[in-house]
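Colleague: Sequence unavailable; structure follows:
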């Protein structure tokens, strides 16, 4: 949930850009930028953006893994390790 004090018109961003960027870096909390009274964009700190991207990627991996399990596309642990051992043994020769 965005704090109402962090919803700013684009004119505010234009005249207070340095202040907004400093605040983003210090707090990590995003701003909603409005244009003509409507939400137009979300401005967030680059580090928070990267963290969010990583979290989404991990969630996507978990979702895809869950789908594979549901389709029965899994192999038991002993078989998986046997396959790895076999491949490693083949590389050594």
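Modeller: Happy to help now that I have it. Since we're looking at a predicted model, the values are computed, not measured.
Colleague: Quick check: next helix or strand after the helix ranked longest in the chain?
Modeller: Ranked by residue count, the top helix of the chain under DSSP state H comes out as helix 46-70. On the C-terminal side of helix 46-70, the closest following helix or strand by DSSP states H and E is helix 77-92.
Colleague: From the chain's centroid, how far away is that next one?
Modeller: 34 Å (C-alpha atoms, centre = their mean, to the nearest Å).
Colleague: Show the average pLDDT along that helix.
Modeller: Average pLDDT, helix 77-92: 89.
Colleague: do the same with stretch 46-58
Modeller: Averaging pLDDT along stretch 46-58 gives 96.
Colleague: again, but for stretch 2-20
Modeller: For stretch 2-20, mean pLDDT rounds to 94.
Colleague: what does that stretch rub up against?
Modeller: 29, 30, 31, 32, 33, 34, 35, 39, 40, 43 (C-beta atoms under 8 Å, 6 or more residues apart in numbering). Placement of C-beta: from N, CA and C, glycine included.
Colleague: ok, 6 Å please
Modeller: 31, 32, 33, 34, 35 (C-beta atoms under 6 Å, 6 or more residues apart in numbering).
Colleague: So which of those residues belong to strands?
Modeller: Residues of the contacts of stretch 2-20 located in strands (DSSP state E): 31, 32, 33, 34, 35.
Colleague: Got a quick ChimeraX command for the buried subset of the residues you listed?
Modeller: Buried residues within those, by 16 or more other C-beta atoms under 10 Å, are selected in ChimeraX with:
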select :31,33,34
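Colleague: could you dump the ones in strands among the contacts of stretch 2-20 to CSV with pLDDT and distance to residue 6?
Modeller: Formatted as CSV, the ones in strands among the contacts of stretch 2-20 follow (pLDDT from 0 to 100; distance: C-beta to C-beta, whole Å):
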residue, pLDDT, distance to residue 6
31, 97, 5
32, 97, 7
33, 97, 10
34, 97, 11
35, 96, 16
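Colleague: Columns distance to residue 87 on top of the ones in strands among the contacts of stretch 2-20, output as CSV?
Modeller: Shown next, in CSV, are the ones in strands among the contacts of stretch 2-20 (distance: C-beta to C-beta, whole Å):
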residue, distance to residue 87
31, 51
32, 51
33, 52
34, 56
35, 56
